[in-house]
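Chemist: Okay, predicted coordinates and the sequence, questions at the end:
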Amino acid sequence: MRSFVALARIVFPASLIACAACSGSSDTVIVLPGEVDYFEYEPNDTAGYANALGLLQIGDELAIHGSIDCYACDPADGFKFSTSGPVALQFVLSSADGVSDLDLCAFDPSIAGYFLCYENGGSMETGTILLGGAAAELHLVVSAFSGGGAYTLWVDVVPLDAALATSEPQILAPRNQGAADYAPHIEPEPALVRFYQVELDAHGAPIAALEVQLADGQPIAQRALELNRR
């Protein structure tokens, strides 16, 4: 569905495999793949409740699965993140029903408002968000202009210069109001727990591994881990 996957996947897994091969060990090495599945959880409809994506770095690939309602019960889904330097976020936002009109905005807590919004009037939004420097905290905010239901937000983090060289990102004017009310609201962070599930064969050797993250006991993110045997 997204045309920029190859750009983000060329370097990251290959570099990890190369480093593992240099270790000289015969043990099984866990290699982290690019894409991480995140599962949106409520409440996350104000800035203080935003689901945490953590530090986004070049090579990261996210598939965020959520559900939204254009009425008052669930007007917005917020996801906060940080970056350590210049990056570009290439994204695709798609509604599951192919009809609902979903929008994506970028929110900056330092100005308590949106600085970028994509609202093309269709069931799919695509674009590139350019970030020229490190960001302590920014939010991606999904809202529904009409309809609602399940959606997936794919995000690839690529080098800023690569995004500028291979495409012409849409330039949108900053604004302080978006499709949904997303005012700052301070609430306690949920308790986060991360653990690993490893499946063993009859001889006790690992054959599959899964990394899972929980928030207040609910699964919010997972990714399959590749096992590299030498």
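Modeler: Done, it's in. Numbers count the residues shown, from 1 in each chain.
Chemist: Which stretches in this protein count as helices?
Modeler: Counting by DSSP state H, the chain has helices at residues 5-9, 12-21, 160-166.
Chemist: quick one, strands of this structure?
Modeler: Residue ranges of the strands in the chain, as given by DSSP state E, are 29-31, 35-39, 51-56, 61-69, 76-83, 87-95, 101-108, 113-118, 124-131, 135-146, 148-158, 192-200, 206-215, 218-228.
Chemist: Switch those strands over to a markdown table; also include mean neighbour count, mean pLDDT and distance to residue 164.
Modeler: (Glycine included, C-beta is placed from N, CA and C.) Below are the strands of the chain laid out as a markdown table (neighbours: other CB atoms under 10 Å; pLDDT from 0 to 100; distance: least, CB to CB, whole Å):
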| stretch | mean neighbour count | mean pLDDT | distance to residue 164 |
| --- | --- | --- | --- |
| strand 29-31 | 16 | 38 | 30 |
| strand 35-39 | 18 | 89 | 24 |
| strand 51-56 | 17 | 94 | 18 |
| strand 61-69 | 19 | 92 | 20 |
| strand 76-83 | 22 | 94 | 16 |
| strand 87-95 | 23 | 94 | 8 |
| strand 101-108 | 23 | 90 | 18 |
| strand 113-118 | 20 | 86 | 16 |
| strand 124-131 | 19 | 90 | 8 |
| strand 135-146 | 20 | 90 | 18 |
| strand 148-158 | 21 | 94 | 10 |
| strand 192-200 | 11 | 68 | 35 |
| strand 206-215 | 15 | 72 | 33 |
| strand 218-228 | 16 | 69 | 29 |
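Chemist: Could you export those strands as JSON lines, including distance to residue 166?
Modeler: Shown next, in JSON lines, are the strands of the chain (distance: least, CB to CB, whole Å):
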{"stretch": "strand 29-31", "distance to residue 166": "27"}
{"stretch": "strand 35-39", "distance to residue 166": "20"}
{"stretch": "strand 51-56", "distance to residue 166": "19"}
{"stretch": "strand 61-69", "distance to residue 166": "17"}
{"stretch": "strand 76-83", "distance to residue 166": "20"}
{"stretch": "strand 87-95", "distance to residue 166": "10"}
{"stretch": "strand 101-108", "distance to residue 166": "21"}
{"stretch": "strand 113-118", "distance to residue 166": "19"}
{"stretch": "strand 124-131", "distance to residue 166": "10"}
{"stretch": "strand 135-146", "distance to residue 166": "22"}
{"stretch": "strand 148-158", "distance to residue 166": "9"}
{"stretch": "strand 192-200", "distance to residue 166": "34"}
{"stretch": "strand 206-215", "distance to residue 166": "31"}
{"stretch": "strand 218-228", "distance to residue 166": "26"}
